[in-house]
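1. any chance you could fold what I've pasted below:
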Amino acid sequence: MAKFRIRKGDKVVVIAGKDKGKESRVLRAYPQRERVVCEHIAVAKKAVRPTQQNQKGGFRDMELPIHVSNVMLVCPKCNKPTRVGIKRADDGARVRLCKVCGAEFE
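-> Below is the predicted model:
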């Protein structure tokens, strides 16, 4: 399994699927399943049963996981979709790089 280069909180753009072209934030990442959950992307209706807290029940919108190959990271510096490179920092830690402008991600 390849290293996962997209993390929770990253800004991404959808490059394939019904939400192609939309920008979003990553809410959750599932590296073992190679999937991410993005805000307001791949939304489905879920039937909710009445409970003590929600006595009405009904339907609620729920974001579904999408494959990581269908999203591309947006560089915070140049604000363009980019591939992600990896380099070693001085202390030996892995640092993510923007392949467009060369900037480092946090």
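
2. who's in contact with the residue lying closest to residue 34 once chain neighbours are set aside?
-> Nearest non-adjacent residue to residue 34, counting by CB to CB, 6 or more residues apart in numbering: residue 68, 5.1 Å away. The C-beta positions use only the backbone N, C-alpha and C, and glycine is treated the same way. With contact set as CB atoms under 8 Å, 6 or more residues apart in numbering, residue 68 has these partners: 4, 6, 34, 35, 36.

3. nearest residue to the middle of this protein?
-> Against the mean C-alpha coordinate of the chain, by CA atoms, centre = their mean, the closest residue is residue 26 at 3.3 Å.

4. that residue is in what secondary structure piece?
-> strand 23-30 (DSSP states H and E).

5. picking up where we left off before, dig out what the residue nearest to the centre of the chain forms beta bridges with.
-> residue 38 (DSSP bridges).

6. who's in contact with it?
-> Contacts for residue 26 were tallied using CB under 8 Å, 6+ apart; they are 6, 7, 8, 9, 10, 12, 36, 37, 38, 39, 71.
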